[in-house]
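[1] dropping a prediction and its sequence here:
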Amino acid sequence: MPGSLLSTEQLTRQDITKIVHFFQKIKKLPEGEVPRILTNYWVALIFLEASTRTRISFYRAVKLLGGEPVDLFPESSSLKKGETLLDTLKTLEAEGFLYAVIRLSEEGVLQKIQPEVRLGIINAGEGKIQHPTQAIGDWCTLKEVFPEEKSLNICFIGDTVSSRVFHSCGSLFSRMGCLVGICSPSELEPGRTTFPYLKFAYVQESMRWADVIYILRPQVERWKEEDREKFLSLTRAFQIHSIPEGKWVMHAGPFLRDVEIASSLVDSPQSLIAQQVKNGLYARMALFFWLQGKDEILD
Ligand code: CP
């Protein structure tokens, strides 16, 4: 049976190190020379929430590995007629699919469903807590920028409570030896997390401490209607215009120019944003090598 990636917490330090190793090997290869480990395999992309980067990079990763990605558009699928996600997955299993890459807003659904199917399930973003492939890709980017650094200070600024990027990256970065900080309006601070973090009251103070400033989009779609105006006005004080020299800025995207991040900072030489997107492709290819247990092909 194919492997699954359901959560960031599932990955050990050894797993993460192995995926980074695969990523580094794959990134050096010309596209046509990456071993086509998914030849004759079908992979379903089921995005019940909007996505550009994750969906497209999974599509391309599967293609470049020789597989067949199929986008199951929820609005024109039988999910629309009331079929459950589990029954949709069983249908895909019967159709001969090997993996399903799934994004959805409900938390815990994938953990429940995975034992019921023979497909490999890959979490492509789930509610406010899980976005494991974003965390893997971002860790690969940090290893490129800081190849020798053992411990980095990484501060997440903005709407931490609603952000699966914060929860997944914080968990993974912390496991790999980094210190995690947050700087958020008190109404948007996280509750319990699986990792420790330092709290900063002031943006300037947090940026002095951090090596990397990770800016988060206000997750308006996850706020109650009645909180939206108030929360948006609170996040305005956390908009980042520039960062100190020698520091880096990250953002998982989609970013809103001149809302949480100044437009000039998105495109500045201190920005890792484009590199994060590019590495997302290679990291997802590396993930398939790990899931398929194809260590020897890249060694
Ligand atoms: N970072 C991220 O998940 O972006 P998309 O929503 O565009 O996939």
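    All right, it came through fine.
[2] from here on, contacts and neighbour counts on C-alpha atoms
    Noted.
[3] so who does Ile182 touch?
    Counting by Cα atoms under 8 Å, 6 or more residues apart in numbering, Ile182 touches 155-157, 160, 197-200, 206.
[4] repeat that for Arg13.
    Arg13 touches 175-176, counting by Cα under 8 Å, 6+ apart.
[5] returning to what we had before: now tabulate the contacts of Ile182 in a markdown table and tack on neighbour count, pLDDT and secondary structure.
    Listed next are those as a markdown table, based on neighbours: other Cα atoms under 10 Å; pLDDT from 0 to 100; DSSP: H, G, I helix; E, B strand; the rest coil:
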| residue | neighbour count | pLDDT | secondary structure |
| --- | --- | --- | --- |
| Cys155 | 30 | 98 | strand |
| Phe156 | 28 | 98 | strand |
| Ile157 | 26 | 98 | strand |
| Thr160 | 27 | 97 | coil |
| Tyr197 | 17 | 98 | coil |
| Leu198 | 11 | 98 | strand |
| Lys199 | 15 | 97 | strand |
| Phe200 | 18 | 98 | coil |
| Ser206 | 22 | 98 | helix |
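[6] taking the stretch 101-250 of the chain, what residue is nearest to the ligand?
    Gln134 (6.3 Å; Cα to the nearest ligand atom).
[7] that residue sits in which helix or strand?
    For Gln134, the host element (DSSP states H and E) is helix 132-145.
[8] neighbours around the residue of the stretch 151-299 of the chain found nearest the ligand, how many?
    For the stretch 151-299 of the chain, the residue closest to the ligand is Ala252, as judged by Cα to the nearest ligand atom, at 4.3 Å. Per other Cα atoms under 10 Å, the neighbour tally for Ala252 reads 22.
[9] cool, and Asp15?
    As a burial measure, Asp15 scores 13 neighbours (other Cα under 10 Å).
[10] picking that back up, tell me which two of the contacts of Ile182 sit farthest apart.
    Spanning the widest gap among the contacts of Ile182 are Thr160 and Ser206, at 14.2 Å by Cα to Cα.
[11] what is the longest helix of this protein by residue count?
    helix 273-292 (DSSP state H).
[12] point out the residues in the stretch 151-299 of the chain that sit beside the ligand.
    Residues of the stretch 151-299 of the chain lying near the ligand by Cα under 6 Å from any ligand atom: 252-254.
[13] swap the cut-off to 8 Å and go again
    165, 252-254, 277 (Cα under 8 Å from any ligand atom).
[14] show me what contacts Ile121?
    So Ile121 contacts 3-6, 99-102, 110, 114 (Cα under 8 Å, 6+ apart).
[15] check which helix or strand covers it.
    strand 120-126.
[16] what are the C-alpha coordinates of that strand, in PDB please?
    Extracted in PDB, the C-alpha atoms of strand 120-126 (Å, rounded to 0.1, in the frame of the first residue of the first chain):
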ATOM      1  CA  GLY A 120      -2.200   7.000  -0.200                       C
ATOM      2  CA  ILE A 121      -3.600  10.200   1.200                       C
ATOM      3  CA  ILE A 122      -1.600  13.400   1.000                       C
ATOM      4  CA  ASN A 123      -2.700  16.400   3.100                       C
ATOM      5  CA  ALA A 124      -2.500  19.500   0.900                       C
ATOM      6  CA  GLY A 125      -3.900  21.900   3.600                       C
ATOM      7  CA  GLU A 126      -6.500  21.100   6.300                       C
END
